[in-house]
Every structure is written in C-alpha cells, then in structure tokens.
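[1] here are the coordinates; sequence isn't available:
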Ligand SMILES: *Cc1c(COP(=O)(O)O)cnc(C)c1O
C-alpha cells in the first residue's frame, strides 16, 4: 500500500499504478513515462511530470475511464510486466559477473540527490551525479543503499524580476505530493535516530524513496522532539552559517550510520560522495571501539571498507570548521573513539587562509581507503592540491585516482531519440550502451532522420519556454519584459547556443560578452543569426554570481540584441532535459582547471548536441577533433587576464569561422550535412564513455576491493 491508496479511489483493474508512481523507475522507462502522460496530458504538463500529484488531482470518473480504455489498459499491463520483471529478476550484470560476491552492500552517502524534479533535494551537478549513480546501480543490480537528507524547503526557486537581480523563493514542499513515504517499524511507529550535539540530543525521522531496486533514506529533523532551531536543521540545502553546516554534517554522517543500523541495514562498503558525509568514518570507528577494538585497529578496518570521491578543485570550496566549533560538538565523542582531543583534531587538521581548522576533505583523505577525483585532469589537480597531506611522497604518488563522471543515459534522452536508437541500434541498445561497438551503428541513421528528430526536440524546447511564460503571464507574475526575456521571441530556425549552469564566477558566463560588438554582429546577422539561451542559479549568498546574472539579463532585455538572447529562470532537472535535448550547441566556458568534470555537456553530447567548451573536466578526455569544438588550449595559465582574453578570442573565432558557416550550409533538402556529421560523431564517440554505466562498472571494481566480506572464500 502507498499513501495514495488511502487518498484516491483507483479502480481495481489498474490499482498498481500507485505503486508505480512511488518507484522512480517510471521516470527512466519510456513506456512508463508514456503511460502517465496518456493518463492526462494536461495534468502531466501542469504538475511537471509528477504522477503522485497527478493521481491526486484526477477525478474518480477519469480514473474509471482510463481503466476501461482498452489501449490504456494494455499499456498498463505491459509496463507492469516490465516493472515486475526488472524488480524481481535475479539476473543482473552484477550477479552474472560476480556470482560469489554476494556480501557486497554499498552505503552511498551524499548531501544531495537529483532524482526527479518532484523531489527537490538537489542543487546542481553533485546531486544529479548521486541520483544518476543510484539509478545506474539499480539497472546493473549493484547492491546499493543511499543516505541523504529530506529538505522540506529544498533548494530555492529562482525568480528574476525585470531589474535582473535574482530573488530566492523557498517553498514548503507538500510531502504528500512527493514520491516519498515515512519509514516506520512493523507496528507503524516512526523510526527515529538521535545524535548528541553539544548539550542535547537532536532527533531525525526518516523518509524513503525507491529508485528502481535501490532505496534512498532521507533524514529529516523537523520533528516535535526537537527545539525549533534543531527542527530547521534539515529545512534547506546549503544555507546557514558554518555552525549550521557542521551540525548538518554531523547529522548526515553520524545520524546516517545510525539510521541504517536502526533499519538493520549493514553495509560492507561505505562510499562518501564529497566530504559532507565524512563524519560517518568516525561513527564506524566508534562502533568498532565500542566492541573492544583500539582506535588503530578500528581505523584500519574502516579504512579498508571505505571510499571517498572528491569533487572540488578549488581549495576554498572544501568545508572546514574552526577548532572551537569541533570541540563544542565532539568533546566527549573522542573519548568514545579512545583518542585524545589533539589526536582527534589532527584527523582533520589543515591550514586554511583564515587559520588552522578541521577540514572535512582532509578527514576523508586520511581515513578512507580509496580516494578518487571525477575526471583525469581533476585527479591530477587533486594530487597536487592535497600533496600536503602526504608530504613525504612525490606528487605523482599521492594516492588519489580518478573515475570520470558519466550520466544515466535513459534519464537524459527523450522518447523520440530512444525510438530512433531502437530503430537503428537495435531494440536492446539500452542493455549494452557502454559498448563502443554498438554506437558504430549511428552511422546507419540517415542524416535526415537525425536532423528532423533534433528539430522536433528544438521546437519542443521553445514550446516549453513559451508555455511557461504564458502561464506566468496569466497568473500575473510576469511583466512584459519577463515574457520577452523568457525565450518567447526565439526563432526555431536560428542557430541556438545553450549555456545553463550554476552562476559561479569561475564559470565565466560573461566571457561570451567580452566583445559585445563582435557578438552583436553575429546575433543580428539576418541571414545567419545566432541565438543564446541562458539559465542557471547563483547561490543565494553569492553576490558576484548574482551580478553576473543581472548583467546577462540586461543584455537579454536590450533591444539591440533583438530578443535573440534569452534568460530562462529557475533552472532545474526538468528544464535541463529540454535544454540539453533542444539547443544546437552546448557551451561551457569555465576557467580551467576549475571544472572538476561537468556533466551537462555529456547530456548534450548524447543527444547529438555538440559541445563548444574549454578543455577542462570531462571534455579533455571527450574532445577528439570531430565531435564538437575546443575553446582555447590544453594548457595552464598563471595570469587570469591573459587566459580570459585568449579564450574569448578563440571562442569568437570558432563561431565566426567554423560553427556559424557550417550550421547554415544546407543541401537541397535543407539538411546541414556537415553539421549532422558532427552531431553523429558527438553521439558515437561520447555516449559509450561518459555514461554512468561505464562509471559504475569502474566503481564496482573499487567496491569489490573494499569489501573484505566479499573475498572470504
Ligand atoms: C546536469 C545538471 C547539472 C550539472 O551541470 P554542470 O555541467 O556540472 O554545470 C546542474 N544542474 C542541473 C539541473 C543539471 O541537470
């Protein structure tokens, strides 16, 4: 039974549709998506593809009609059969490749999970990666259980008034409309965990969402037992001061381990996705010490079982806390670990610009058995950055490897492309999509079919912009400027660049406008116009980021750029799908080497949208000369100014000399053959490599090494 079954009168014939709504498996299965879409297309769109909310809003009569519609009913049966097959099938990639490693159970901790827009517990790339990781583990049958937070107010929704200064709106999530269930014991009592924080215990209840075969448990401190200030602890993602932050991280790391124990889930491997959850190591050590080990033995045992993935190539981007704060929360705890105050502080000791402090990354680096960065270049940068943790070693010997990020392919392609691939790559293409040989067959997709599918998706994206602007206009929340900057003046026939990402200054969104005159000539060219679509949020406390948004917003509304620059507000997963599938070129201009990996460009590449990007993050590995364009050079700079101007020059040259001419070079059928060749090469070369399937297979090797219990015989 799901919570919906108590609220909605679903006809017996299709009663399991509620079960389907509560397993996010539906979101990456095209037939299941179509099933919900056909239930009520209007509600499907107005709820932003949220089946739980849709079913609540449908009338009994509508549901009755659906049950009696034979086409719908046969679709329903087909989807449920596939669902049951998938959920009960013991034959997965994992079981057939590792028949004897039955003791593997990986606990995957992350502060955010981007699974679906109906569950807004993510802010950006890190969360999307965690979500894609969980989905792929489900597809491959890798035993994984996830731990994170339920943030009732999530990350903020972005509004951009006509003055261009981003406003953050926090909305209370209606838990009832999200695909989540509160975790209870058999008697129906809610399961709670508690963690000592300073002078009192802080409690958290647990929520559960099912991601195919993989469960995610989310901690939520909004319970009566807590003081008001503690109730707020998990209200929002990444907000509050550093004390708030350390308390959140204590709850995630220590409370998260206790949550699994309360559920009688006993992992054999612990994977920390970024340093936020690194306190989990301490809790695992404490458990060993409690049953008689000394600290060194306990630490050695935990080290063997643990992995840490670091994501941040910028020193200041790692969480670090002043010692007095650590003392406030851990005095007493170190006794339970069997170590002294100084020994405890040494575990995270690191010199920051503002003094010595307790750094979460250092804690994880020292205590985890295996450490990795998220691209080849990022691995290299991380080894240099953390050389001080292993001062006796050569920089090349610093024990940080890399596993390049990928994306969950079924999540990021639309049904249209899924069908095209099924036709030309074979109906079972999804099951072997990390095999480069499979993708050689994209050569067989006719130019015109690939091009027309792309145009269809481009139209769909522009329809999405228009409908959203229209809705807000009707609701009275938009003024005419906002309607215009929201992409309603865009021309579906013009070359359209997409730039959507977090507005942090290192991402250099303004590089595009470094020579406005030169850009304007391209944009206003009547024969071969150029358009740019922007989207993305700045962190609510990041004023330079907000200034950047404002300056771009001002460009978008300037009549001299003729409505060909748009800023679409409130970038999220839902919008990301339209963008990466619908623009013609995906632009990325980070200041190398600040982009650890980046994944939005991988989504675009898979959809046949070529990348135009700085050689940073994954693109250093992805670019092959024929699958998109590289801005600037494969080198480092000491001077930001020189780097910016060389990169800008390269960007403008590529547009003027290669990209624009190629896009508008059409044959008799109005197909840009040369362009389509690059689209095809983008898919062929990138799809099998930058997918979570390849990535999870690599992580599985690390998991198996870490799983002592897996090699007992
Ligand atoms: C994929 C994705 C990201 C990550 O993009 P980057 O390439 O790291 O900038 C961020 N936000 C959303 C909504 C995404 O879908």
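    Nice, thanks for sending it over. All of these numbers come straight from a predicted model, not from anything done at the bench.
[2] was I right to think residue 555 contacts residue 565?
    Yes: contact criterion C-beta atoms under 8 Å: residue 555 and residue 565 qualify, at 5.4 Å. Placement of C-beta: from N, CA and C, glycine included.
[3] give me the element the spatially closest residue to residue 537 that is not a sequence neighbour is part of.
    Nearest-residue entry for residue 537: residue 158, 4.8 Å, with adjacent residues in sequence omitted and distances by C-beta to C-beta, 6 or more residues apart in numbering. Using DSSP states H and E, residue 158 falls within strand 157-159.
[4] residue 108 now?
    With DSSP H and E as the test, residue 108 turns up in strand 106-109.
[5] which helices and strands sit right next to the very next helix or strand once past that strand?
    Moving toward the C-terminus from strand 106-109, the next helix or strand (DSSP H and E) is helix 125-140. Judged by 3 or more C-beta pairs under 8 Å, 6 or more residues apart in numbering; DSSP states H and E, the packing partners of helix 125-140 are helix 93-97, strand 106-109, strand 144-149, strand 200-211, strand 214-220, strand 269-273, helix 409-412, helix 692-706.
[6] same list, the ones you listed, but as CSV with mean neighbour count please.
    Listed next are those as CSV, based on neighbours: other C-beta atoms under 10 Å:
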stretch, mean neighbour count
helix 93-97, 15
strand 106-109, 25
strand 144-149, 27
strand 200-211, 21
strand 214-220, 23
strand 269-273, 27
helix 409-412, 23
helix 692-706, 20
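[7] and those: which comes nearest the ligand?
    helix 409-412 (8.1 Å; C-beta to the nearest ligand atom).
[8] just confirm yes or no for the closest one near the ligand.
    No: legend: contact between helix 409-412 and the ligand by C-beta under 6 Å from any ligand atom is lacking; minimum distance shown is 8.1 Å.
[9] contacts for that helix next, please.
    Contacts with helix 409-412, where a contact means C-beta atoms under 8 Å, 6 or more residues apart in numbering, come from 27-30, 131-132, 135, 139, 418, 430, 433, 577, 580, 603, 606-607, 687, 691-693.
[10] apart from its neighbours in sequence, what residue is nearest residue 584?
    For residue 584, ignoring the flanking residues on the chain, the nearest one in space by C-beta to C-beta, 6+ apart is residue 496 at 4.9 Å.
[11] what does this structure put close to the ligand?
    Residues of the chain lying near the ligand (C-beta under 6 Å from any ligand atom): 124-125, 128, 501, 571-573, 576, 598-601, 603.
[12] most neighbours out of the residues you listed, which is it?
    Counting neighbours by other C-beta atoms under 10 Å, residue 601 comes out on top of the residues of the chain next to the ligand with 29 neighbours.
[13] once you drop chain neighbours, what's closest to that one?
    residue 611 (4.7 Å).
[14] could you do residue 580 as well?
    Nearest to residue 580 is residue 603, by C-beta to C-beta, 6+ apart, at 4.0 Å.
[15] and residue 652, what is it in contact with?
    The contact partners of residue 652, by C-beta under 8 Å, 6+ apart, come to 515, 518, 519.
[16] can you rerun that using 10 Å?
    511, 512, 514, 515, 518, 519, 522, 631 (C-beta atoms under 10 Å, 6 or more residues apart in numbering).
[17] can you give me the strands in the stretch 201-350 of the chain?
    Along the stretch 201-350 of the chain, counting by DSSP state E, counting those that start in this stretch, strands occupy 214-220, 269-273, 306-309, 320-322, 349-352.
[18] which residues sit against stretch 385-401?
    When contacts are defined by C-beta under 10 Å, 6+ apart, stretch 385-401 is touched by residues 308, 310, 312-315, 318, 349-351, 359, 361-362, 365-366, 368-373, 376, 378-384, 698, 702.
[19] and what of stretch 186-195?
    Applying C-beta under 10 Å, 6+ apart, the set of residues contacting stretch 186-195 from outside is 182-185, 200-206, 208, 217, 219, 221, 223, 225-226, 247, 250-263, 279, 283, 329, 333.
[20] hang on, the earlier thing: same list, the strands of the stretch 201-350 of the chain, but as CSV with distance to residue 456 and mean pLDDT please.
    Formatted as CSV, the strands of the stretch 201-350 of the chain follow (distance: least, C-beta to C-beta, whole Å; pLDDT from 0 to 100):
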stretch, distance to residue 456, mean pLDDT
strand 214-220, 33, 98
strand 269-273, 36, 98
strand 306-309, 37, 98
strand 320-322, 49, 96
strand 349-352, 51, 92
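[21] wait, residue 449 touches residue 420, no?
    Yes: at 6.5 Å, residue 449 and residue 420 qualify as touching, with contact defined as C-beta atoms under 10 Å.
[22] the two: which has the busier surroundings?
    Taking other C-beta under 10 Å, residue 449 and residue 420 do not tie; residue 420 has more neighbours (20 against 14).
[23] any idea how far the more buried one is from the ligand?
    22 Å (C-beta to the nearest ligand atom, to the nearest Å).
[24] what about the residue lying closest to that residue once chain neighbours are set aside, distance to the ligand?
    With C-beta to C-beta, 6+ apart as the criterion, residue 420 has its nearest non-adjacent residue at 5.4 Å, and that residue is residue 453. According to C-beta to the nearest ligand atom, residue 453 and the ligand sit 21 Å apart.
[25] identify the residues contacting residue 453.
    By C-beta under 10 Å, 6+ apart, the contact set of residue 453 is 414, 416, 417, 419, 420, 421, 445, 581, 607, 608.
[26] what helix or strand is the third one located in?
    Okay, so that is residue 417. Taking DSSP H and E as the criterion, residue 417 maps to helix 415-425.
[27] helices of the stretch 351-500 of the chain, residue ranges please.
    Taking DSSP state H, counting those that start in this stretch as the test, the helices found in the stretch 351-500 of the chain are 360-367, 376-385, 409-412, 415-425, 436-439, 447-475, 480-483.
[28] still on that earlier bit, ok, and the most crowded of the contacts of residue 652?
    Compared across the contacts of residue 652, residue 631 has the highest neighbour count, 26 neighbours, by other C-beta under 10 Å.
[29] so that residue touches residue 644, yeah?
    No: checked against C-beta under 10 Å, the pair residue 631 and residue 644 is beyond contact range at 11.4 Å.
[30] quick revisit: and the strand holding residue 158, what's its mean pLDDT?
    In this model, strand 157-159 has a mean pLDDT of 95.
[31] and the following helix or strand past it, which strands flank it?
    As assigned by DSSP H and E, the chain's next helix or strand after strand 157-159 is strand 167-169. Strand 167-169 has its sheet partners listed here by DSSP bridges as strand 157-159 (antiparallel).
[32] run through who's touching the strand it pairs with.
    The set of residues external to strand 157-159 that reach it, using C-beta under 10 Å, 6+ apart, is 120, 165-171, 472, 477-478, 482, 503, 535-538, 540, 549, 568-572.
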